[in-house]
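> model this:
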Amino acid sequence: MPRSRINGNFIDKTFSIVANILLQIIPTTSGEKEAFTYYRDGVIWMSAQSEGNYAEALQNYYEAMRLEIDPYDRSYILYNIGLIHTSNGEHTKALEYYFRALERNPFLPQAFNNMAVICHYRGEQAIRQGDSEIAEAWFDQAAEYWKQAIALTPGNYIEAHNWLKITRRFE
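Numbers count the residues shown, from 1 in each chain. As a prediction, the model looks like this:
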């Protein structure tokens, strides 16, 4: 069982206390409790982003994936692994994990948004390299992902919505 790391952050402490109480009172199997413990520890490590150390969070998420059987719960674990890879600049890996998360839970607008941000970034890179055709393809893909995110949560992603309008990619 991994050790839980609780830093001085009030939200982290509150999350840990509530999670521990829920683990004690909700009827779950020992495997489900163990998977949740690894997930919780991954979340706690993710909140310590200022340290720039994601290795232990990844270990906890990989262990949670090994133990967790519920597709919905697995989708959030995969999404969080994608976040770590995004933060590390490993965009291809991040996209893979966001795709895997969406296969299990197609109602994750934040995954669509993050995929769009990566595609938009790659479009900007292509422009800097002088390849406008590739840039347009990346921007078109970003637009598709942002449309899906917006469709799931109308009123969110205002900047993306404005970009879609300005670039005439919003239908």
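
> sec struct for the residue of the chain most remote from its centre, please.
The C-alpha centroid of the chain is most remote from Gly130, which lies 30.7 Å away (C-alpha atoms, centre = their mean). With DSSP: H, G, I helix; E, B strand; the rest coil as the basis, Gly130 sits in coil.

> Quick one: classify the residue most central in space within the chain as helix, strand or coil.
Residue closest to the mean C-alpha point of the chain, counted by C-alpha atoms, centre = their mean, is Tyr79 at 3.4 Å. Taking three-state DSSP as the rule, one finds Tyr79 in the helix state.

> Distance of the nearest residue to it once chain neighbours are set aside relative to Glu32?
Residue nearest to Tyr79 in three dimensions, not counting chain neighbours: Ala101, with 4.2 Å by C-beta to C-beta, 6 or more residues apart in numbering. From N, CA and C alone the C-beta is placed, and that goes for glycine too. Note on Ala101: its distance to Glu32, by C-beta to C-beta, to the nearest Å, is 19 Å.

> just Gly155 next, same as before
For Gly155, the distance to Glu32 - C-beta to C-beta - is 34 Å.

> These two: who's more crowded?
More crowded of Gly155 and Glu32, by other C-beta atoms under 10 Å: Glu32, with 17 against 7.

> before we move on, which element is that one in?
Using DSSP states H and E, Glu32 sits within helix 30-46.

> What values do phi and psi take at the residue nearest to Arg169 when sequence neighbours are not counted?
Leaving aside its sequence neighbours, Arg169 sits nearest to Ala143 (C-beta to C-beta, 6+ apart; 3.9 Å). Main-chain torsions, Ala143, degrees, to the nearest 10: phi -60, psi -40.

> Equivalent analysis for Phe107, please.
phi -110, psi 40.

> my read: Arg122 touches His91, true?
Yes. Arg122 is within contact range of His91, at 7.2 Å (criterion: C-beta atoms under 8 Å).

> What part of this protein, helix or strand, is modelled with the least confidence?
Across the helices and strands of the chain, mean confidence by mean pLDDT, DSSP states H and E is lowest for helix 10-25: a mean of 60.

> ok, so what distance separates Gly123 from Ala137?
In this structure, Gly123 and Ala137 are 8 Å apart, going by C-beta to C-beta.

> between the two, who's got more neighbours?
Using other C-beta under 10 Å as the criterion, Gly123 and Ala137 rank with Gly123 on top: 22 against 15.

> Please tell me I have it right and the more buried one contacts Phe139.
Yes. Here Gly123 reaches Phe139: they are 4.3 Å apart, a contact under C-beta under 8 Å.

> what bits of the chain have low per-residue confidence?
Residues of the chain that meet the criterion pLDDT under 70 lie in 1-28, 33-53.
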